[in-house]
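**Student:** could you look at this predicted model? Sequence included:
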Amino acid sequence: MLTGQKALVTGANSGIGKATALALGRAGADVVVNYVSDRPSAEAVVKEIEGHGVRAYAHQADVSQEDQVVDMVKTMVDQFGTIDILVPNAGLQRDAATVEMTLAEWRQVLEVNLTGQFLCAREAIKEFVRRGVVPEVSRAAGKIVCMSSVHQIIPWAGHVNYAASKGGVSMMMQTLAQELAPQRIRVNAVAPGAIKTPINRDAWETPEALTELLTLIPYGRIGVPDDIANAVVMLASDLCDYVVGTTLYVDGGMTLFPGFATGG
């Protein structure tokens, strides 16, 4: 499905990023596995990707730092020749009630979750525009699949920095899509709901917590990273060549306002 294409996934040494990098490799893409810490985990992901007969390598970079992002994309172009797919997945939470949230906590989340996606997109777009469409590779000149969240539209008390960052990702994605579509660059987003990853372990680790969480998910199960990874692969493929500026919610129905299922 993605044979011969070159993909960069940020925050790819664990969780959703890891699953996405592996899925892109299974689909035939060569993959750069970005990480900010824990190189052994990143190298393990690289080894697993290479097991599918494609190329991969790990690159350490903090996506909130402009010089590191510029170097990461330049190195990828040097190593792989180009970039076809960008999945700016790296993100974090620094949760606190608003009156207790420090400016440092606010800034760190916005800088990684939103500014980091912008910087990665900007550098990838430069290469997309330079190279243009290569029909034997893809019908698009480049594909960006932003990683958002159901909290781009669902308010989340105690997480104002995170929710604001994802609301920003949504409008950034749509604006990039509008700006770049004439150049055959497709920009879309995936918005995960509750996904079983280390970042939200408290929400699903105990039977009591899981039961409470499932009241918010009409489909009756918590998501797993492969649910998101499969959606990313689809959006990055030519199967979705006419999909532009869209957010695909992968949330088991969390955005269907389940509290109103019995009339509110």
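**Tutor:** Noted; the coordinates are in hand. As the structure is a computational prediction, the values presented were derived from the model and not from experiment.
**Student:** residues of stretch 154-165 that come out buried?
**Tutor:** Taking 16 or more other C-beta atoms under 10 Å as the basis for neighbour counts, the residues of stretch 154-165 that come out buried are Ile154, His159, Val160, Asn161, Tyr162, Ala163, Ala164, Ser165. Every residue, glycine included, has its C-beta placed from N, CA and C.
**Student:** of all these, which two lie farthest apart?
**Tutor:** Considering C-beta to C-beta, no two members of these lie farther apart than Ile154 and Asn161, which are separated by 15.1 Å.
**Student:** hang on, the earlier thing: pick the one among the buried residues of stretch 154-165 closest to Val36.
**Tutor:** Ranking those by separation from Val36, with C-beta to C-beta as the measure, puts Ser165 on top at 16.5 Å.
**Student:** so for whichever strand or helix holds that closest one, what gets flagged as buried?
**Tutor:** Of the helices and strands defined by DSSP states H and E, Ser165 is found in helix 160-180. By 16+ other C-beta under 10 Å, the buried positions in helix 160-180 come out as 160-170, 172-174, 176-177, 180.
**Student:** now the helices for the protein?
**Tutor:** Per DSSP state H, the chain carries helices over the ranges 15-26, 39-50, 66-80, 103-110, 116-131, 160-180, 207-214, 225-236.
**Student:** tell me which of these lies nearest to Leu256.
**Tutor:** Taking C-beta to C-beta, helix 207-214 is the member of the helices of the chain nearest to Leu256, at 14.0 Å.
**Student:** what does the closest one contact?
**Tutor:** Counting contacts by C-beta atoms under 8 Å, 6 or more residues apart in numbering, the residues outside helix 207-214 that touch it are Ala194, Asp202, Ala203, Trp204, Gly220, Arg221, Ile222.
**Student:** any idea how many residues pack against the residue nearest to the third one when sequence neighbours are not counted?
**Tutor:** Just to be clear, that refers to Ala203. With C-beta to C-beta, 6 or more residues apart in numbering as the criterion, Ala203 has its nearest non-adjacent residue at 5.3 Å, and that residue is Leu213. Taking other C-beta atoms under 10 Å as the criterion, the count of residues near Leu213 is 16.
**Student:** with Val109 instead?
**Tutor:** The burial count for Val109: 25, using other C-beta under 10 Å.
**Student:** that one contacts Val160, doesn't it?
**Tutor:** No: applying C-beta atoms under 8 Å, one finds Val109 not in contact with Val160, separated by 9.3 Å.
**Student:** in the lowest-mean-pLDDT helix or strand in the chain, what's buried?
**Tutor:** Taking all helices and strands of the chain together, the one with the lowest average confidence (mean pLDDT, DSSP states H and E) is helix 207-214, at a mean of 89. Within helix 207-214, the residues that count as buried by 16+ other C-beta under 10 Å are Leu213, Leu214.
**Student:** any low-confidence regions in the chain?
**Tutor:** Residues of the chain that meet the criterion pLDDT under 70 lie in 264.
**Student:** select the longest strand from it.
**Tutor:** strand 185-192 (DSSP state E).
**Student:** still on that earlier bit, out of the helices of the chain, the one nearest Val190 is which?
**Tutor:** Between Val190 and these, the tightest spacing by C-beta to C-beta is seen for helix 225-236, at 5.0 Å.
**Student:** same for the closest one, what does it pack against?
**Tutor:** Counting by 3 or more C-beta pairs under 8 Å, 6 or more residues apart in numbering; DSSP states H and E, the packing neighbours recorded for helix 225-236 are helix 15-26, strand 85-87, strand 142-147, strand 185-192, strand 247-250.
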